[in-house]
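Peer 1: sequence isn't available, so here's the structure alone:
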Ligand SMILES: O=C(O)Cc1cc(O)ccc1O
Ligand SMILES: [Fe+2]
C-alpha cells in the first residue's frame, strides 16, 4: 500500500506505524537487535521528566542512526532568516504596520533561502518567544535536508502547494490547511504547485497545544480527530546530500552520503501533523456584544504564566454574525499581547480595504488599533439582521512578548506607508448633548 501523504487521525496520540511489515518492535523499545538490521533511536521533544500529559517522544527504527547523517559543520549565511533577540537600532518597531503581499521574485528560492523574517520576540537562547516569517518558495530542495533546533515551525500556506517529506512521513499542505514541523525533525520541502507563499510562526517555547475549552465543553473549536499525522515512509538512497541545521539562530551545514529520511517504522507522540482550517468550528456571540478573540484560538503555546501564552494561533474564519444592538466587528483596543495578523483569503471585517490576501499587519504591545473608518461607519449604521461573514480567513500570531521588526520588514517588504491614515477620518461626534449620534 502506498501511504505517501496518507494520514492517521488525532492530536497528540500515541501513534505506531511501519513502512515494512514487522519493522516495529512489539513490547519493548530497545531489542538487542532490531528487525531488518535497523537502528533504534529516540527523539525527545520534551524533557525526559516533563509531566506525563505533556511528555512527548518518538522511537524511530532507521537504516542508520542520525549521528551518521551529520558530520562536520560549517556555518552558512541565511541572511533574511532572523532569530530573537534581533533589535535593529535603525528600525522603529513601535507603530501600527501593514504590508501588501510580498511579491514573488524571479530568483529561485527554496524553503531555506525563501524565508523572510518579519518580527522576532523573546530570545531563542532562553527558549522564549517566537519569530514570524513569510516564505516565498519556487524551488524544491534536492538532496538537501533541514531541521531546526530552535523551535517548531507552524506553517500557514497562502498560495501554492508544498510537500514536506519528513523523517516520520510525508505531508502535502495547501492554503486553508496548516502544519507543524516539530523541533529537531529532519525534512525536505518540495514544490507541488508554485509559486508558494505563506506565513510561518517559529515557536521557541513550549509546544503548541489545543487550548482548554472551559465551559464550551468537550467539542467545537479545533477537534483532535481532525489533526492528521503521516504514516511512516522512508528513503534508502545513497546520494551525496547536505543537512542544514538552524541552531541558536545560526545556520550550519553538513555533507553526508545518503538521505537522512530513513526511518522505516516509528511509534510515539512527538510527530508532525497537518490540520484543515475548514474543520475549525467557531463558537461566538449568539445574542449581543463581541467576545475576546481568544474564543477563536486554534492552538496555544503556554509560556509558564497561566493564561498568558507564549503564542496563541487564532483564526478568523467564515461565521454568522447575529449579535443584536451591538457593534459587531472587533472593538478599539490596546493589548498587552502583540498581534501579528495575516490574511489567507477574503475580506477581514475590521479592515474592508487594504488588508488583502497575502498581506500582514502588526499591532504591537499596547499599541491602540481597531476598525478603520469605513468599518466603523458601516457597522455603526448597518441593519442588524443575521449576516454571514463569507469568504474570509485571516489569522493572528499573538504573543506576550513585544515583536521587533526586522530591517527587511521595515525597509524592503511592501509596507503601506499610509496605514495609520485609515483612522484619521474618524471624526468627533460628541457635541455635549445626550442621545445616540
Ligand atoms: O486586532 C484585530 O483585528 C484582532 C482582534 C479581533 C477581535 O475580534 C477582537 C480583538 C482583536 O484584537
Ligand atoms: Fe487587536
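Peer 2: Nice, I can see it. From a predicted model like this one, the values you see are computed outputs, not experimental measurements. Numbering: from 1, shown residues only. Ligands and ions are numbered 1, 2, ... in the order given.
Peer 1: so which residues of this structure form helices?
Peer 2: 373-381, 407 (DSSP state H).
Peer 1: ok, and what's touching the shortest one?
Peer 2: Spelled out, it's helix 407. With contact meaning CB atoms under 8 Å, 6 or more residues apart in numbering, helix 407 is reached by 88, 90-91. C-beta: built from backbone N, CA, C; applies to glycine.
Peer 1: quick revisit: which stretch among the helices of the chain comes nearest ligand 1?
Peer 2: With CB to the nearest ligand atom, the closest approach to ligand 1 among those belongs to helix 373-381: 9.9 Å.
Peer 1: before we move on, the earlier item: could you dump the helices of the chain to JSON lines with distance to residue 277, mean neighbour count and mean pLDDT?
Peer 2: Listed next are those as JSON lines, based on distance: least, CB to CB, whole Å; neighbours: other CB atoms under 10 Å; pLDDT from 0 to 100:
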{"stretch": "helix 373-381", "distance to residue 277": "23", "mean neighbour count": "15", "mean pLDDT": "95"}
{"stretch": "helix 407", "distance to residue 277": "31", "mean neighbour count": "15", "mean pLDDT": "98"}
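Peer 1: okay, those helices in CSV with distance to ligand 1 next?
Peer 2: Listed next are the helices of the chain as CSV, based on distance: least, CB to the nearest ligand atom, whole Å:
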stretch, distance to ligand 1
helix 373-381, 10
helix 407, 25
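Peer 1: from residue 182, how far off is residue 117?
Peer 2: From residue 117 across to residue 182, the span is 20 Å (CB to CB, to the nearest Å).
Peer 1: with adjacent residues omitted, what lies nearest to the residue of the chain found nearest ligand 1?
Peer 2: Using CB to the nearest ligand atom, the closest approach of the chain to ligand 1 is made by residue 330 at 3.4 Å. Leaving aside its sequence neighbours, residue 330 sits nearest to residue 350 (CB to CB, 6 or more residues apart in numbering; 4.6 Å).
Peer 1: what segments of the stretch 151-300 of the chain are strands?
Peer 2: Assigned by DSSP state E, counting those that start in this stretch, the strands in the stretch 151-300 of the chain fall at 152-166, 169-173, 177-181, 187-203, 227-230, 241-247, 250-256, 263-268, 273-276, 297-301.
Peer 1: what angle separates the fourth one from strand 169-173?
Peer 2: Interaxial angle of strand 187-203 relative to strand 169-173 (axes from the mean of the first three to the mean of the last three CA atoms, to 10 degrees): 70 degrees.
Peer 1: contacting residues around the most centrally placed residue in the chain?
Peer 2: The chain has residue 154 as the residue nearest its centroid, 2.4 Å off, counting by CA atoms, centre = their mean. Residue 154 is in contact with 178-180, 200-203, 208, 299, 313, counting by CB under 8 Å, 6+ apart.
Peer 1: redo that, cut-off 7 Å
Peer 2: 178, 180, 200-201, 203, 208, 313 (CB atoms under 7 Å, 6 or more residues apart in numbering).
Peer 1: quick revisit: so for residue 367, which of the strands of the stretch 151-300 of the chain sits nearest?
Peer 2: Distance to residue 367, taken as CB to CB, is lowest for strand 187-203 among the strands of the stretch 151-300 of the chain, at 19.6 Å.
Peer 1: show me what that closest one is packed up against.
Peer 2: If contacts are counted by 3 or more CB pairs under 7 Å, 6 or more residues apart in numbering; DSSP states H and E, strand 187-203 sits against strand 128-137, strand 144-148, strand 152-166, strand 311-321.
Peer 1: to residue 249, which of the helices of the chain lies closest?
Peer 2: helix 407 (15.4 Å).
Peer 1: separate out the buried members of the contacts of residue 154.
Peer 2: Taking 16 or more other CB atoms under 10 Å as the criterion, what is buried in the contacts of residue 154 is 178, 180, 200-201, 203, 208, 313.
Peer 1: one step back: redo the contacts of residue 154 as JSON lines? Include pLDDT.
Peer 2: Listed next are these as JSON lines, based on pLDDT from 0 to 100:
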{"residue": "178", "pLDDT": "98"}
{"residue": "180", "pLDDT": "98"}
{"residue": "200", "pLDDT": "98"}
{"residue": "201", "pLDDT": "98"}
{"residue": "203", "pLDDT": "98"}
{"residue": "208", "pLDDT": "98"}
{"residue": "313", "pLDDT": "98"}
